[in-house]
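Undergrad: coordinates only, no sequence provided:
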């Protein structure tokens, strides 16, 4: 499951158990990326707060499937198959078009987003690549390209936060050897209206 100790739901007590109760899915299920925080529960609180507010918040205006696609692409660029596998399922669930989702997955695997995206969506994928792999090279000109593609500054911020979140999550997973053994792929917080509801469905 990982290279460091994790405390499972049935072993959890006190603050950790309370956080687990807030975040768990069906039958007390928890993703491995969540239990990896168990030795320092406050870091799980931080992780979930960022994740929920960045990817699953009602104030976002970009479609969730596109935010998931950005996450899949960033994770692919960072060679984090754990996040690719999880968030591809999230992409499929949100898009509700399995053929389109598969076309997107294959194009991102080939690092060829031009094959399936155009306009503002393609501009976001290009931004994601630069920010994930060479953040020091991002310039105001690149931001202006996003504007020229039709994105407003709030949408640019949404994308920036999703790309940055996945870079963090990828490094959490890769740096601690987290794998998908026993995971249920594709669960996520389903109530976008409540920032404090982290329950996975």
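TA: Done, it's in. Note that the coordinates shown come from a computational prediction; the quantities given were computed from them, not determined experimentally. Numbering: from 1, shown residues only.

Undergrad: okay, now the unreliable bits of this protein?
TA: 190-195 (pLDDT under 70).

Undergrad: now for the lengthiest helix in the chain, which elements pack on it?
TA: With DSSP state H setting the assignment, residue counts place helix 153-176 as the longest helix in the chain. Packing partners of helix 153-176 (3 or more Cβ pairs under 8 Å, 6 or more residues apart in numbering; DSSP states H and E): helix 32-35, helix 41-55, helix 64-77, helix 81-95, helix 119-133, helix 140-148. All C-beta atoms are positioned from the backbone trio N, CA, C, and that covers glycine.

Undergrad: tell me the most buried of those?
TA: helix 64-77 (a mean of 25; mean count of other Cβ atoms under 10 Å).

Undergrad: what's that one in contact with?
TA: 55-56, 60, 81-84, 87-88, 90-91, 94-95, 104-105, 108-109, 111, 113, 121, 124-125, 128-129, 132-133, 158-159, 162-163, 165-167, 169-170 (Cβ atoms under 8 Å, 6 or more residues apart in numbering).

Undergrad: ramachandran coordinates for residue 200?
TA: phi -90, psi 130 (degrees, to the nearest 10).

Undergrad: show me what contacts it?
TA: Residue 200 neighbours (Cβ under 8 Å, 6+ apart): 23, 24, 25, 29, 31, 187, 188, 189, 190.

Undergrad: quick one: buried ones out of those residues?
TA: 23, 24, 25, 31, 187, 188, 189 (16 or more other Cβ atoms under 10 Å).

Undergrad: who's in contact with stretch 150-164?
TA: By Cβ under 8 Å, 6+ apart, the list of residues contacting stretch 150-164 reads 54-55, 60-62, 67, 70-71, 74, 119-120, 123-124, 127-128, 131-132, 143, 146-147.

Undergrad: kindly report the same for stretch 32-44.
TA: 1-2, 4-9, 12, 15-16, 19-20, 23, 47-48, 82-83, 86, 169, 172-173, 176, 178-183.

Undergrad: now it: how far from the chain's centre is it?
TA: 16 Å (Cα atoms, centre = their mean, to the nearest Å).

Undergrad: then stretch 116-135?
TA: The chain centroid and the centroid of stretch 116-135 are separated by 15 Å under Cα atoms, centre = their mean.

Undergrad: repeat that for stretch 19-27.
TA: 18 Å.

Undergrad: likewise for stretch 97-115?
TA: Worked out by Cα atoms, centre = their mean, stretch 97-115 lies 17 Å from the chain centre.

Undergrad: could you work out the most separated pair of the buried ones among the contacts of residue 200?
TA: 24 and 188 (12.8 Å; Cβ to Cβ).

Undergrad: for residue 30, what are phi and psi?
TA: phi -140, psi 130.

Undergrad: for residue 20, same thing?
TA: As for residue 20, its main-chain torsions (degrees, to the nearest 10) stand at phi -60, psi -40.

Undergrad: change the start of the numbering to 49 and stick with it
TA: Noted, 49 is the first residue going forward, which turns the last one into residue 68.

Undergrad: list the contacts of it.
TA: Going by Cβ under 8 Å, 6+ apart, the list of residues near residue 68 reads 57, 60, 76, 78, 82.
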